[in-house]
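Trainee: Return atomic coordinates for the entry below.
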Amino acid sequence: MIKFKRNVGVLLLSVSALGCSTDIGDYESVQQPFDIKTYFNQSVTGWGMVQDYTNKVNRRFCVEIVGTWQENQGTLAEVFYFNDGEVSYRNWQLTKLEDGSYSGTAGDVDGVAKGVHQGFAFQFNYDLLLTLDETTYKVAMDDWMYQLDEYRVMNKTSMHKFGVKVADVTLFFDKEQQNKRCKRSVI
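Mentor: As a prediction, this is how the structure comes out:
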């Protein structure tokens, strides 16, 4: 009975922790707010890692992104080079909406992604179709980008399945190093 009560207590604490999250409104306005249309308007290189629910780093990668825009319609062509040799591609089709928010689609995204920004932060929510060992899983992505300065952006993404965090992805983008590309033999 004591073990049961302890398990119920842990479950309740876990559920209450899930209810606590950051809100985009928490970030104050800055003189030049972060806007992905402005930042991702050319070649950008990023470096990142994937951590499982225990915080163990499972994969490292480098990503090359080429952003192009025609008025409020944009494409982000992404090529990911993973340390285990995998190369994957994602092409985002983005639209900047009248209210300043964004919508987006990609081949491995289920439905439409929604993005909003405030001050130096941008939040992007979408469902990713993730294939592991020939099985495809739908995971919810809570993607946050924080502009550090005009050249650098930190990106932190939480991956959830059934409301439980299964992994985190952390990226660092550097637009100042435009000529720096991912090495084909990654990390």
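
Trainee: Correct me if wrong: residue 130 contacts residue 139.
Mentor: Yes: counting by C-beta atoms under 8 Å, residue 130 touches residue 139, with 5.3 Å between them. (Glycine included, C-beta is placed from N, CA and C.)

Trainee: Which neighbours do these two have in common?
Mentor: residue 159 (C-beta atoms under 8 Å, 6 or more residues apart in numbering).

Trainee: what residues are up against the spatially closest residue to residue 100 that is not a sequence neighbour?
Mentor: Residue nearest to residue 100 in three dimensions, not counting chain neighbours: residue 117, with 7.1 Å by C-beta to C-beta, 6 or more residues apart in numbering. Going by C-beta under 8 Å, 6+ apart, residue 117 touches 24, 33, 34, 35, 36, 100, 101, 123.

Trainee: mind listing what the helix or strand hosting residue 128 pairs with, with the direction of each?
Mentor: Assigned by DSSP states H and E, residue 128 belongs to strand 121-132. The sheet places strand 121-132 alongside strand 109-118 (antiparallel), strand 135-147 (antiparallel), with pairing taken from DSSP bridges.

Trainee: Only the buried residues of it, if you could.
Mentor: Buried residues in strand 121-132, counted by 16 or more other C-beta atoms under 10 Å: 121, 122, 123, 124, 126, 127, 128, 130.

Trainee: Same question for stretch 100-109.
Mentor: So stretch 100-109, judged by 16+ other C-beta under 10 Å, has buried residues 102, 104, 106, 109.

Trainee: Now do stretch 74-82: everything it contacts.
Mentor: Against stretch 74-82 from outside (C-beta under 8 Å, 6+ apart): 37, 40, 59-69, 86-96, 182-184, 186.

Trainee: What distance do you get for residue 90 to residue 150?
Mentor: Between residue 90 and residue 150 the distance, using C-beta to C-beta, to the nearest Å, works out to 25 Å.
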